[in-house]
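Participant: have a look at this prediction, sequence included:
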There are 2 protein chains.
Amino acid sequence: MADVFEAIATPARRAILDVLRERDGQTLFEICSRLTMTKNLTLTRQAISQHLDVLESAGLVSTKREGRCKYHFLDTTPLESIVERWLSPNRKRKER
Amino acid sequence: MADVFEAIATPARRAILDVLRERDGQTLFEICSRLTMTKNLTLTRQAISQHLDVLESAGLVSTKREGRCKYHFLDTTPLESIVERWLSPNRKRKER
DNA sequence: TTGACAGGCAAGTGACGAATTGCATATCAT
DNA sequence: ATGATATGCAATTCGTCACTTGCCTGTCAA
């Protein structure tokens, strides 16, 4: 389990999370074309693959292999650690 | 206004946020000693000062100068953009 | 005024990471 | 089987960033 904060540090990986939120369970090539089309990100397939590895090792993306295709799914639960670490206590103070 | 995600990407800056959450309004030297004492972080004063600059330009830390002392205050509101970007829509789906 | 204290500026170094390039592997259709 | 599709592995380059070092500026007390 790698660092969640490091995973969302770069704009490319955040764009990948956005793309997966728009449509979950996409393959690598689908993510590539979506990034170039809607996000104006022209990256190599290998670059995006490496980004997906980082996101997966951080627990933000889970994969499911079927034949020669690999589908990627978004999982935002690791991001809740950020809320628990800093935001939650502040909200308690606001609520009183 | 710099990148919030880049600001919380490194462990040192996250430790600074933790230190400020334990006790708000500390000076640079207080933050330094707290990091070395409780967080096992041995960094130069200049290094922490640069980290504070990054955190301030990201809107996570606000400062107030009084004489030769500079007090640092924590502001977690920029972190809520993370919740709004990925967590909120998921929570809506869970609620139905 | 002199020294101590709190902080700032700037250049330099070292290392890590983002991205590319090239080749390799596995699966499916014809 | 053969070519096309979908992905994986590995080495390399390049830039950026974290951190240090050295020196400087401003503030307060004796």
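Facilitator: Everything's here; your move.

Participant: relative to DNA strand C, which residue of chain A is the closest?
Facilitator: residue A:67 (2.3 Å; CB to the nearest atom of the strand). Backbone N, C-alpha and C define where each C-beta goes, glycine included.

Participant: neighbours of that residue, how many?
Facilitator: 5 (other CB atoms under 10 Å in any protein chain shown).

Participant: with residue A:27 instead?
Facilitator: 15.

Participant: residue A:69 versus that one, what's the distance?
Facilitator: 5 Å (CB to CB, to the nearest Å).

Participant: tell me which element the residue nearest the centre of chain A is part of?
Facilitator: With distances taken as CA atoms, centre = their mean, the residue of chain A nearest its centroid is residue A:17 (3.4 Å). Under the criterion of DSSP states H and E, residue A:17 resides in helix A:11-22.

Participant: any residue of the helix or strand just after that helix up close to DNA strand D?
Facilitator: Downstream of helix A:11-22, the next assigned helix or strand under DSSP H and E is helix A:28-38. Yes. Against DNA strand D, helix A:28-38 shows contacts by CB under 7 Å from any atom of the strand at A:28-29.

Participant: and the angle from helix A:28-38 to helix A:11-22?
Facilitator: Here the directions of helix A:28-38 and helix A:11-22 differ by 100 degrees (axes from the mean of the first three to the mean of the last three CA atoms, to 10 degrees).

Participant: contacts for helix A:28-38?
Facilitator: A:12, A:15-16, A:19-20, A:22-23, A:26, A:41-43, A:45, A:48-49, A:52, A:70, A:72 (CB atoms under 8 Å, 6 or more residues apart in numbering or on different chains).
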